[in-house]
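> From the sequence below, what's the structure:
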Amino acid sequence: MTNITKDMTIGEILAKCPNAGPVIQKYFHGGCWHCPAIKMETLEMGAQLHGHDVNKIIAELTALVRDGNA
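As a prediction, this is how the structure comes out:
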């Protein structure tokens with residue numbers, strides 16, 4: 001099982017959990033797939049830049065993984 005942490009890059013999360021796309025898009029819109037920072041920007045950085053609570057995003061992503069939907 002993949003543990004999602006605030007220190008993971010958005011690109012790493014999408015690579016390890018392909019079905020995380022809708023959650024990422026919900027909080028960061030569609031730009032993540034075209035942004036070169038996807039390989040460097042952590043989930044925490046993205047959450048801060050977009051004004052979201054990183055723990056809420058982690059909870060949603062963790063639920064996907066836990067339920068086998070990631």
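
> Next, count neighbours for residue 36.
Residue 36 has 8 neighbours, counted by other Cβ atoms under 10 Å. C-beta: built from backbone N, CA, C; applies to glycine.

> I'd like the distance between it and residue 6.
21 Å (Cβ to Cβ, to the nearest Å).

> tell me the helices in this protein, going along the chain?
10-16, 21-28, 43-50, 54-66 (DSSP state H).

> Tabulate those in CSV, adding columns for mean pLDDT, distance to residue 2 and mean neighbour count.
What follows is those, written out as CSV (pLDDT from 0 to 100; distance: least, Cβ to Cβ, whole Å; neighbours: other Cβ atoms under 10 Å):
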stretch, mean pLDDT, distance to residue 2, mean neighbour count
helix 10-16, 91, 5, 18
helix 21-28, 89, 14, 16
helix 43-50, 93, 13, 17
helix 54-66, 94, 5, 16
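
> can you give me the offset of stretch 5-20 from its chain's centre?
In terms of Cα atoms, centre = their mean, to the nearest Å, the centre of stretch 5-20 is set 5 Å apart from its chain centre.
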